[in-house]
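Asks: below are the sequence and a predicted model for it; my questions follow.
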Amino acid sequence: MSHYPLGAGLEPPPGFHAVKRNFRLLAMDAIFYFCGLAFMDASTVLPAFLATLTSSPLVIGTLIAIRPAGIFIPQLWTAHYLSGRKQHKSFLIKVAAVSRVAITFFALILFVSGPKNAGLMLTGFILFYTAFWFSEGGAGVPWTDLVAKTIPERLRGRLFGLMQVVGGLLAMMAAWLVKWTLGPHGPAYPTNYAFLMAVSAMFYWLSLISLACVLEPEGPIENHNGGFWEYLGKLGKAFRQHSQLKLLIAIQLLVGMNGLSLPFYILYAEKVARIGGGMVGAFLFVQTAGSILSALITGQISDHRGPKSAIMIAVILAVLTPVSALMMRNAPGWTFGIVFLLLGGLVGCAWIGMTNFLLEISSPEERRGFIGLMNTANVPSLLYPVLGGLVVQFLSHEAVFALTALTGLIALLLCIILPPTRSPI
């Protein structure tokens, strides 16, 4: 918190204690959240679980696509709903509670299911995953706006970095638990996955408790009293007039096309290297390590050199991740850890850089709408895992990795011409 230097006998500036408290609580919220997410990771744990219920890459890709659909579809409606409010933490808490209830019930379903109850487990997964991610989608706008209202600009990169570093360290510990749980000495199937979901639920509830303790100041009310479609028209006009926002959204869409390959890295490793269930946890450990390393670097870079630098690192990783997978055809199974190391780094860099960039180019009055617009613009990404499944089913894993690398190269070209938000310090 060196943004507020204090000398001997000096009083802290106004708002110092509230910022300090909120900084810690928001960090705890995200740290617990990321740790919970590690136990239901979409690139390792969940594809491995779904592979026990179906052998179709298309079905697995379609089910994983529930996540981006749930995240992005509610965003604009939420931004419009909150546009006439000065405070929205109560709405955030209610919506976020739905995801916690959903994963708790899914863990119970897996505990009572037998290994032959594939239909019950698949139905439970679809209901849980849909409720979970639509709840998280509804929470996205108010959570990001809450960070902007409570944390000064040049502390946000540090906050996001701290969230991912500490959350990542806990998630690395979680990876070893995943490795043991899914390995030969862990509980029998499906109790092993039930245990992982139960632990995940515990961390999500701790996250919600931390969030509920944040002190929320009042914010500006957007000058808009029309209906939803009128609101969309206003945002569309703002989008057309904002060159930085247009480029940022285009880069986000292209980087997001790593979703084409996301569920298939682990399945490709199982196919060509015949890795066991224990390696899933090992790869999750390495992926989390990549996220920690990237957060350590990009959090500081974003604060000192501006968020464009963090985005550039993410785009480079978006190219290197699928390229590394293409090089693993005849490699030993353990070398696939390189793929997951780069994948973890990509996720960390992209979130820190793009979120900070958006907050710095939007005014307090525009912020909620821009958050909703940017996230909803990602709706096409819900098709990425499905399209990836089609490419794998009718062509090959190598084809989907090559397509992902190509989109990353296009994002790199756009990132080069993206105007920075501010000068380095």
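Replies: Now that the structure is in, tell me what you want to look at. Numbering: from 1, shown residues only.
Asks: quick one: low-confidence residue ranges for the stretch 51-200 of the chain.
Replies: Applying pLDDT under 70 to the stretch 51-200 of the chain flags no residue at all.
Asks: so who does V141 touch?
Replies: Counting by CB atoms under 8 Å, 6 or more residues apart in numbering, V141 makes contact with Q75, T78, A79, L82, R368, I371, G372, N375. The way it works is simple: take the backbone N, C-alpha and C, and place the C-beta from them, glycine included.
Asks: could you look up the SS state of it?
Replies: The three-state assignment at V141 reads helix, by DSSP: H, G, I helix; E, B strand; the rest coil.
Asks: ok, the contacts of V141 vs A175, which is closest?
Replies: N375 (28.1 Å; CB to CB).
Asks: ignoring the adjacent residues along the chain, who's closest to the closest one?
Replies: Distances taken as CB to CB, 6 or more residues apart in numbering place Q75 nearest to N375, at 4.1 Å, with adjacent residues excluded.
Asks: quick one: the one you found and A139 touch, right?
Replies: No: using CB atoms under 8 Å, Q75 makes no contact with A139, being 10.2 Å away.
Asks: before we move on, the earlier item: now the contacts of V141: which count as buried?
Replies: Buried members of the contacts of V141, counted by 16 or more other CB atoms under 10 Å: Q75, T78, A79, L82, R368, I371, G372, N375.
Asks: residue contacts, the second one?
Replies: This means T78. Neighbouring residues of T78 by CB under 8 Å, 6+ apart: G137, G138, G140, V141, P142, G372.
Asks: how about a cut-off of 6 Å?
Replies: G138, V141 (CB atoms under 6 Å, 6 or more residues apart in numbering).
Asks: name the helix or strand for it, please.
Replies: If you go by DSSP states H and E, T78 is part of helix 75-81.
Asks: what about the helix or strand that comes right after that helix, distance to the chain center?
Replies: Later in the chain than helix 75-81, the nearest helix or strand by DSSP H and E is helix 89-112. Taking CA atoms, centre = their mean, to the nearest Å, one finds the center of helix 89-112 at 18 Å from the center of the full chain.
Asks: okay, buried residues for helix 89-112 please.
Replies: 89, 91-93, 95-97, 99-104, 106-107, 109-110.
Asks: try stretch 120-140
Replies: Buried-residue list, stretch 120-140, by 16+ other CB under 10 Å: 121-122, 124-125, 128-140.
Asks: do the same with stretch 311-329
Replies: By neighbour count on 16+ other CB under 10 Å, the buried set for stretch 311-329 is 311-326, 328.
Asks: those in helices, which ones?
Replies: 311-326 (DSSP state H).
Asks: related to what we said a few turns ago, show me the buried residues of stretch 120-140 that map onto helices.
Replies: Using DSSP H, the members of the buried residues of stretch 120-140 that fall within helices are 121-122, 124-125, 128-140.
Asks: show me the strands in the stretch 201-350 of the chain, by range?
Replies: Remark: no strands are assigned in the stretch 201-350 of the chain by DSSP state E, counting those that start in this stretch.
Asks: give me the phi and psi for Q241.
Replies: Backbone torsions for Q241, taken as degrees, to the nearest 10, come to phi -90, psi 0.
Asks: sec struct for P419, please.
Replies: Here P419 is recorded as coil under three-state DSSP.
Asks: count residues in the vicinity of it, would you?
Replies: 9 (other CB atoms under 10 Å).
Asks: which residue is the nearest non-sequential neighbour of it?
Replies: With CB to CB, 6+ apart, the residue lying closest to P419 is Q244, at 5.7 Å.
Asks: G137 reaches A69, doesn't it?
Replies: No: contact between G137 and A69 fails when scored by CB atoms under 6 Å: they sit 8.2 Å apart.
Asks: who touches both of these two?
Replies: Contacts common to G137 and A69, judged by CB under 6 Å, 6+ apart, are absent.
Asks: ranges for the helices of the stretch 151-300 of the chain?
Replies: Assigned helices in the stretch 151-300 of the chain, in chain order: 153-182, 191-212, 228-240, 243-255, 264-272, 277-305 (criterion: DSSP state H, counting those that start in this stretch).
Asks: for T421, find the nearest of those.
Replies: T421 sits nearest to helix 243-255 of all the helices of the stretch 151-300 of the chain, at 7.5 Å, using CB to CB.
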